[in-house]
Structure formats: C-alpha cells, structure tokens
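In: my questions are about this predicted structure, shown below with the sequence.
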Amino acid sequence: AAADHADAQAGERAFLRPGLGQRGQQLVALRRGQELQVRTSTGAAPEVGSIIPSDGFIADCLRSRRPSCCRDTESDSRVGPLFRAMKTRSLIAIPICEHRDAKGVLIVIAPLPNAFQPTHSAILMTLSDIIASKLAARDAMPVVDAALPNFADLPTVSLPEPSPAQVASPVPAAKAAAAA
C-alpha cells in the first residue's frame, strides 16, 4: 500500500510540471472537512499535506464552482497572505468538481501580473475534469482498496509564457469573463 501511495504521489507531481517557464507553480488542494489539504504541489507552492485557507479568492472559486482569475495580487483584496508571501503576482483557481460538489481546487501561480489568458482557463478546466474523474474512480473503490488514484497516465500541461504585450496590456476583465 505504501508503494501504491508513493506511485500515486509521483504521478500527481508528474502531470503538474511547472508551466509558465520555470517560475510557475501549481498545487492541487482537496477538501478535508472544512479545510483544504494540499495533495500535490510544485516549486515553492505549499508542501504536500499542508492546510491552506479556503477563504477569499479560493472561497469564490469553490462557492461558484467556476474558475477564478486574479490578474494582479497587488490590487485584488481577495488574495490572502499565503500567496502574497510567495511573491505571487497573478493566479488562477479552477474548481475540481464531482457532479455539483466542489471537491477541491487546482491553483496555478505566476510571479508576473496578467500571466493568464482565457485559453489557460479552458486548458486547466480540462485538467480539473480529469482529476475529478480520477477522484471519482478512487471513491468508487471498496474502502479496503481505496488508495490514491494513479495519476501517472494524465497528460502533462505546460502553459505558454505570456508575451510582453500580454503582460503590459491585460485582457479586459469583462472580455476575459465572457470567454470563460
């Protein structure tokens, strides 16, 4: 069982290779009661097993069960001290939903403002759906065999670097919301 757990952990990390160059960081946090526990992370994102706050920016994502994008943490009051301490300038949170229940969140963090475009949201929503289906399959297993799902067969996602023009001139919020 320990080997299965280690294989699943390695698989989770494999499909979340750093995007946005080597500066990007990602994490998957799943609900554990009223808390969110980090299940996988890259870079300087909170370590696996850490509990992260489920308020502000993340709460908006979980409550609405829709992607939430912060173009610049310096001007978005929903972003808490955890992400500010990581020197995050923009981030996107995608809910991991099973039916109508948000089981957790996929968060991608960037050190640059305006790093995410509407296409990133679409790509990450697909990845979130894959994670949700893996979790549903795990939950359907008998309790005796309920190990972490094997994430090794998931596709690797690497988001393109934003161009200097995109960073300097963000997509207007209304246009980005309409595209999402």
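Out: Perfect, thanks for sending it.

In: check which residues of stretch 118-126 are buried.
Out: Across stretch 118-126, burial judged by 16 or more other Cβ atoms under 10 Å covers 118, 120-121, 123-125. In this view, the C-beta of every residue, glycine as well, is placed from N, C-alpha and C.

In: quick one: which of these is nearest Ile58?
Out: Taking Cβ to Cβ as the measure, Ile58 lies nearest Leu124 of these, at 14.6 Å.

In: touching, that closest one and Gln117? I think so.
Out: No. Applying Cβ atoms under 8 Å as the test, Leu124 and Gln117 come out as separate, 11.3 Å apart.

In: now do the longest helix seen in the chain: which elements does it pack against?
Out: Secondary structure of the chain per DSSP state H: the longest helix is helix 118-140. Other helices and strands packing on helix 118-140, by 3 or more Cβ pairs under 8 Å, 6 or more residues apart in numbering; DSSP states H and E, are strand 90-98, strand 101-110, helix 173-179.

In: could you give the angle of it to strand 101-110?
Out: 140 degrees (axes from the mean of the first three to the mean of the last three Cα atoms, to 10 degrees).

In: least confident secondary structure element in the chain?
Out: Of the helices and strands making up the chain, the lowest-confidence element is helix 2-15, at a mean of 39, by mean pLDDT, DSSP states H and E.

In: after that one comes which helix or strand?
Out: Later in the chain than helix 2-15, the nearest helix or strand by DSSP states H and E is strand 25-32.

In: quick one: buried residues of the first helix or strand past that following strand going along the chain?
Out: The C-terminal neighbour of strand 25-32 among helices and strands, as given by DSSP H and E, is strand 35-41. Buried positions in strand 35-41, judged by neighbour count with 16+ other Cβ under 10 Å: 36-41.
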